[in-house]
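Peer 1: Okay, here's the prediction I keep looking at, along with the sequence it came from:
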Amino acid sequence: MRVYQFAKQLKISPKQLVEICENAGIKGKTYVSGLKEQEISAIKEYIKKSKLAGKPITVTGTETVGEIASKLGLPASEIIAKLSEFGISASINDRLSLENIRNLFEAFGATLQFKKTKESYILGTAVETEQDLLPRAPVVTVMGHVDHGKTTILDYIRKSNVAAREFGQITQKIGAYKVKLKEGSIVFIDTPGHEVFTAMRARGAKVTDIAVLVVAADEGVKLQTVEAINHCKAAGVPIIVAINKIDKPNANPDVVKKKLSEYGLVPEEWGGDTVFVNVSGLTGANINELLEIILLMGEMMELKANPDRPGEGVVLESYLHKQKGPVVDLLVQNGTVGIGDFFVCGSCWGKVRAMFDENGNRVEKAGPSTPVELLGANTTPVPGDRFNVVSSEADAKRIADQENERRKQSIGSGQKVLTLEDLQRQIMQGTLKEFKMILKSDSLGSQEVIKASIEKISQASLQKNGPTINCLHYGLGSISESDILLAACSQAIIFGYNVGVDSKAEKLAKQHKIEIKLYRLVYDLIEDVKNTIEGMTKPKEVEVMIGQALVKQVFKIGKNQTVAGCIVVEGKVVRDSRVKILRDGNFIYEGFLSSLTRFKNSVKEVATNTECGIGIEGFNDFKEGDVIQVYQKVEEEAKV
Ligand code: GDP
């Protein structure tokens, strides 16, 4: 074949073909020169390569032989032949490794551009690098004492940042919402308070990046303010303080600052590193400044995520809707969730059928730090459950089944209760460096005394290279659910001095296997802590029930005090003992006997079949039919 004839076949000019011949190393050809069979294939090969060498071709590392062939514009047979040259036998539907795709591109002179996608992450061909991580919006929880204005502030932010048109349309809440500002976005968790925050943590979910601690300027630091601070500290979550109700005439922000400094939240102007903002949720004063500071802190924390990954997140809430089926309120934390994605969510699984934003608008995709309402789960997951996009329905089912099995087993056998004795053993083996505790007591006075003694024990232990004591929370009043949750996520033991245990807390403690130690004497409490830290063993004490009394009548003796008229039905009732109250078969309170009387005289002990009056510390809600169980500690040997 002559040059001009072949040029016609290739649909190019003879001049172009002569140039191509030169470039391909076939020198000295003119328009009319003849071309040998060998020269023709060399020209074809050259054209193919130079075509491919043009613009880069994108691959994701998840392609099959057929897909690579069509990307390269070559017949699949040619790819298969090349692969067999590499010593690989593959058919058209076989998936290729990224390495083999690279080798093919090189062999055909094509430029490869690798794009990481959800699929390539799922298949493990993509490896995340620093460059893949992009800034994401901070997730904020608003905390503080009841009535200090958390809801008012959240409402103000929501109203002033959601377009009026959209605001009117809001049909349901998602449990979180995203506020878009000029400088960036912020996600607010819609359920204020540290309880939900810690409940999530107890389930292993970290949701919050930053806490806004709301303190009313007229009331100052209160019980739940301190709780919130300690819960944040235990979780290592930074705090921004919003001193609220600044519009009130009796507002005194300086008093609040001074008090908070005692808890380690020292304002910047006093040499500390906590940011304080004076705000009013009612008038909206300085709320924008608060938002700016949140964004700034988020930036400094360098919060990042990779939007190209398969979506990951945490369940905020879930419920069963009559028409929609299981509804999951999801906070996407990393990657992107899209319609049609298969997912696992705790022990549930599904395929994303639809997603809605906080204003009820349909969304196709949800990236990092985005709350959505998601439809498509097979059942309702539990708040705090992890959500993960997976590659296939089969994978989703398999992983969900495994999780279901694991949960069933852990309910059956249960993890062990973490006891003081366990910690003591760990200390003796030298494996425990920090002893975590939570202390609840009846008064500030007793708290101070215990605190001082514990600090002394901790110092002394540190000097001997022993473990230190970290009291995560010192609080007043009975042991509550939030104390249990804090203990659960921190592996702490709860100590109560002259306080009882709320009935809900009691149940939760059993569920989370948390040990609660109650004391009547400061000395006993301190001794127990000291012995534990020093790794000293003393005869193990166990609690045994020594008697039961049935409530027959309830008497009001003071404004806030009631006494139960009882009959001792079993064993004996002894003054100062520890008691548990049973109602309809459920424990509703745990605490100490405060008074034991017979015919208005205080007595030490009352025997079976005898009537008596029983008062219980911190408990006045007796009902006829309640059973009071009386306990005493005895050394284990004495028990048998
Ligand atoms: P939460 O329990 O912390 O959520 O507190 P709320 O937001 O429900 O507020 C409790 C009360 O304080 C409500 O009556 C609010 O109207 C009022 N309140 C909240 N913020 C302010 C404020 O900045 N100034 C004044 N004067 N009142 C406020």
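Peer 2: Perfect, I can see it now. A quick note: this is a predicted structure, and the numbers were derived from the prediction, not measured.
Peer 1: Contact residues of the stretch 201-350 of the chain facing the ligand?
Peer 2: Proximity of the stretch 201-350 of the chain to the ligand, by CB under 6 Å from any ligand atom, involves residues Asn244, Lys245, Asp247, Lys248, Ser280, Gly281, Leu282. In short, each C-beta sits where N, CA and C put it, glycine included.
Peer 1: will you turn these into TSV that also has secondary structure?
Peer 2: Output for these, formatted as TSV (DSSP: H, G, I helix; E, B strand; the rest coil):
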residue	secondary structure
Asn244	strand
Lys245	coil
Asp247	coil
Lys248	coil
Ser280	coil
Gly281	coil
Leu282	coil
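Peer 1: Of all pairs in the residues you listed, which one is the farthest apart?
Peer 2: Lys248 and Gly281 (11.5 Å; CB to CB).
Peer 1: neighbour-wise, which of these two wins?
Peer 2: Gly281 (26 against 14; other CB atoms under 10 Å).
Peer 1: Kindly give the local confidence score, pLDDT, for the more buried one.
Peer 2: We have a pLDDT of 93 for Gly281.
Peer 1: Val563 now?
Peer 2: For Val563, the model assigns a pLDDT of 92.
Peer 1: looking at this, it is in a helix?
Peer 2: No - judged by three-state DSSP, Val563 forms no part of a helix; its state is strand.
Peer 1: right, and it touches Ile616 too?
Peer 2: No - applying CB atoms under 8 Å, one finds Val563 not in contact with Ile616, separated by 9.0 Å.
Peer 1: which residues touch the residue lying closest to Glu63 once chain neighbours are set aside?
Peer 2: Of all residues not flanking Glu63 in the chain, Leu96 sits nearest, at 6.2 Å (CB to CB, 6 or more residues apart in numbering). Residues in contact with Leu96 (CB atoms under 8 Å, 6 or more residues apart in numbering) are Glu63, Thr64, Val65, Ile68, Ala90, Leu104.
Peer 1: So Leu96 versus the ligand, what's the distance?
Peer 2: Using CB to the nearest ligand atom, to the nearest Å, we find Leu96 at a distance of 57 Å from the ligand.
Peer 1: Which member of the contacts of Leu96 is positioned nearest Asp273?
Peer 2: Glu63 (51.2 Å).
Peer 1: what number of residues lie near the closest one?
Peer 2: 19.
Peer 1: so what's it scoring on pLDDT?
Peer 2: 85.
Peer 1: Quick check, it in contact with Lys71.
Peer 2: Yes - counting by CB under 8 Å, Lys71 is a contact partner of Glu63 at 7.1 Å.
Peer 1: For the stretch 401-550 of the chain, which residue gets nearest to the ligand?
Peer 2: Ser482 (15.2 Å; CB to the nearest ligand atom).
Peer 1: what about that residue, helix or strand, and which?
Peer 2: Per DSSP states H and E: Ser482 is located in helix 481-490.
Peer 1: who are the neighbours of that helix, in terms of helices and strands?
Peer 2: Counting contacts by 3 or more CB pairs under 8 Å, 6 or more residues apart in numbering; DSSP states H and E, helix 481-490 is packed against helix 194-202, helix 223-235, strand 434-441, strand 468-476, strand 493-497, helix 503-512.
Peer 1: re earlier: ok, the residue of the stretch 401-550 of the chain closest to the ligand - contacts?
Peer 2: His194, Glu195, Thr198, Glu227, His231 are the contacts of Ser482 under CB under 8 Å, 6+ apart.
Peer 1: cutoff 7 Å now
Peer 2: When contacts are counted by CB atoms under 7 Å, 6 or more residues apart in numbering, Ser482 touches His194, Glu195, Thr198, Glu227.
Peer 1: what about Thr610, neighbour count?
Peer 2: For Thr610, the neighbour count with other CB under 10 Å is 15.
Peer 1: which SS class is the residue nearest to it when sequence neighbours are not counted?
Peer 2: Once flanking residues are discounted, Thr610 sits nearest to Val568: 5.3 Å by CB to CB, 6+ apart. Assigned with three-state DSSP, Val568 falls in the strand class.
Peer 1: looking at the sheet around Val568, what are its partners?
Peer 2: Ala549 (DSSP bridges).
Peer 1: ok, it touching Gly547?
Peer 2: Yes - between Val568 and Gly547 there is a contact under CB atoms under 7 Å: 6.0 Å.
Peer 1: Give me the packing partners of the helix or strand harbouring Ala7, helices and strands only.
Peer 2: Following DSSP H and E, one finds Ala7 within helix 3-10. Under the contact definition 3 or more CB pairs under 7 Å, 6 or more residues apart in numbering; DSSP states H and E, helix 3-10 sits against helix 14-23.
Peer 1: what do you get if the cut-off is 10 Å, keeping everything else the same?
Peer 2: helix 14-23, helix 37-52 (3 or more CB pairs under 10 Å, 6 or more residues apart in numbering; DSSP states H and E).
Peer 1: May I see the buried residues of that helix?
Peer 2: Val3, Tyr4, Phe6, Ala7 (16 or more other CB atoms under 10 Å).
Peer 1: Now render those residues as JSON lines, adding pLDDT and distance to Val529.
Peer 2: Shown next, in JSON lines, are those (pLDDT from 0 to 100; distance: CB to CB, whole Å):
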{"residue": "Val3", "pLDDT": "90", "distance to Val529": "97"}
{"residue": "Tyr4", "pLDDT": "92", "distance to Val529": "100"}
{"residue": "Phe6", "pLDDT": "90", "distance to Val529": "94"}
{"residue": "Ala7", "pLDDT": "88", "distance to Val529": "95"}
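Peer 1: Between which two of those is the distance greatest?
Peer 2: Farthest apart among the buried residues of helix 3-10 by CB to CB are Tyr4 and Phe6. That separation is 7.6 Å.
Peer 1: now Gln113: how far from the ligand?
Peer 2: 52 Å.
Peer 1: do the same with Lys257
Peer 2: Here the distance between Lys257 and the ligand works out to 17 Å (CB to the nearest ligand atom).
Peer 1: Ile92 now?
Peer 2: According to CB to the nearest ligand atom, Ile92 stands 63 Å off from the ligand.
Peer 1: Do me a favour and get the end-to-end distance for stretch 57-69?
Peer 2: Terminal residues of stretch 57-69 lie 12 Å apart, using CA to CA, to the nearest Å.
Peer 1: which parts of it are buried?
Peer 2: Buried residues in stretch 57-69, counted by 16+ other CB under 10 Å: Val59, Thr60, Gly61, Thr62, Glu63, Thr64, Val65, Glu67, Ile68, Ala69.
Peer 1: Restricted to strands, list those.
Peer 2: Mapping the buried residues of stretch 57-69 onto strands (DSSP state E) picks out Val59.
Peer 1: Out of the buried residues of stretch 57-69, list just those in helices.
Peer 2: Of the positions in the buried residues of stretch 57-69, Val65, Glu67, Ile68, Ala69 sit in helices, assigned by DSSP state H.
Peer 1: contacting residues around the last one?
Peer 2: Think Ala69. Shown in contact with Ala69 (CB atoms under 10 Å, 6 or more residues apart in numbering): Glu63, Pro75, Ala76, Ser77, Glu78, Ile79, Ile80, Ile92, Leu104.
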